[in-house]
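Novice: mind folding the following:
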Amino acid sequence: MLKFLSKRGGLLKALDLWDWYESLTSEYRKKFRHYYELKCKKDLKFPYRAFQLERGNVSTLYTKRTFLGTIAQISMLEGDLEFAGWLYREALKMEGTPYEEHLILNDLIVLSQRRKDFEDMERFAEKDIRLFKDYKEELFIRCKDTKPMVNSFSIYIYVLERKGRREEALQILNYALSEGVYIPFSDDIRRRLTKS
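Specialist: Next comes the predicted model:
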């Protein structure tokens, strides 16, 4: 047993994810390892090698949340939407910043769009908008001199309009613009939402 535990290394050790990883089914462990290896091959900026998932003395600037989100993103790009959705939800369970949560919610919105799941689109967009005040400062710092575009506002406005809830959609539009968020075609959207 001690010999086995001493072999626990790599990114899983650096991020204290070994217990989480070993709790996965063998199918999900295999998928996770596969998408991690794809990340190593396809992303030239990714600083790790395939063997470093489980072995070696590794240090990292990743958090649990961003690391899992990164692997979920690869699985989504590869078309494994079910696994990607599950892994993004696992990432949300991990400790992290509101800005990290925003990034994951944004990816979950994209995933919902690909699945044409309007219910999830609305749920994740609404959650991200409620979180906005908590990540707003970091968002504006990262965007420097440009107005940030926050996908969840546009999606939520679209979903509300689609449901005939134009007054609520207009309130969200006004809120986003008053907070300095860029909404593409905002004048056209306003005209649509206010026409009788």
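Novice: would you confirm that L24 contacts L17?
Specialist: No. Assessed by Cβ atoms under 8 Å, L24 is found out of contact with L17, at 10.3 Å. For the C-beta atoms, the positions are set from N, CA and C on the backbone; glycine is no exception.
Novice: who has more neighbours, the two?
Specialist: The neighbour comparison of L24 against L17 (other Cβ atoms under 10 Å) goes to L17, with 18 against 14.
Novice: what sits closest to that one if chain neighbours are left out?
Specialist: K64 (6.1 Å; Cβ to Cβ, 6 or more residues apart in numbering).
Novice: do A169 as well
Specialist: Sequence neighbours aside, L160 is the residue nearest to A169 in space, at 3.8 Å (criterion: Cβ to Cβ, 6+ apart).
Novice: which parts of the protein belong to which domain?
Specialist: 1-96, 120-196 (automatic domain parsing).
Novice: rewinding a little: the residue nearest to A169: which element?
Specialist: Using DSSP states H and E, L160 sits in helix 151-162.
Novice: check the gap between the spatially most central residue of the chain and A169 for me.
Specialist: Closest residue to the average C-alpha location of the chain: I104 at 1.5 Å, with Cα atoms, centre = their mean. In this view, I104 and A169 are 24 Å apart by Cβ to Cβ, to the nearest Å.
Novice: just to revisit the earlier point, for the helix holding L160, enumerate the helices and strands it packs against.
Specialist: With contacts taken as 3 or more Cβ pairs under 8 Å, 6 or more residues apart in numbering; DSSP states H and E, helix 151-162 sits against helix 98-115, helix 118-143, helix 166-178, helix 186-194.
Novice: export the ones you listed to TSV and tack on mean pLDDT and distance to Y36?
Specialist: Output for the helices and strands packed on helix 151-162, formatted as TSV (pLDDT from 0 to 100; distance: least, Cβ to Cβ, whole Å):
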stretch	mean pLDDT	distance to Y36
helix 98-115	96	17
helix 118-143	95	24
helix 166-178	96	36
helix 186-194	93	40
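Novice: okay, buried residues for the helix holding L160 please.
Specialist: N151, S152, F153, S154, I155, Y156, I157, Y158, V159, L160, E161 (16 or more other Cβ atoms under 10 Å).
Novice: name the nearest residue to the fifth one, ignoring sequence neighbours.
Specialist: Excluding the flanking residues, the one nearest I155 by Cβ to Cβ, 6+ apart is A125, at 4.4 Å.
Novice: go on, Y182?
Specialist: K147 (3.9 Å).
Novice: ok, now V150?
Specialist: V150 sits nearest to V181 (Cβ to Cβ, 6+ apart), 5.1 Å away.
Novice: distance check, that neighbour against T146.
Specialist: V181 is 11 Å from T146, where distance means Cβ to Cβ.
Novice: go on, F118?
Specialist: For F118 relative to T146 (Cβ to Cβ), the value is 30 Å.
Novice: and for P47?
Specialist: Counting by Cβ to Cβ, the separation of P47 from T146 is 28 Å.
Novice: could you do N106 as well?
Specialist: Taken as Cβ to Cβ, the span from N106 to T146 is 17 Å.
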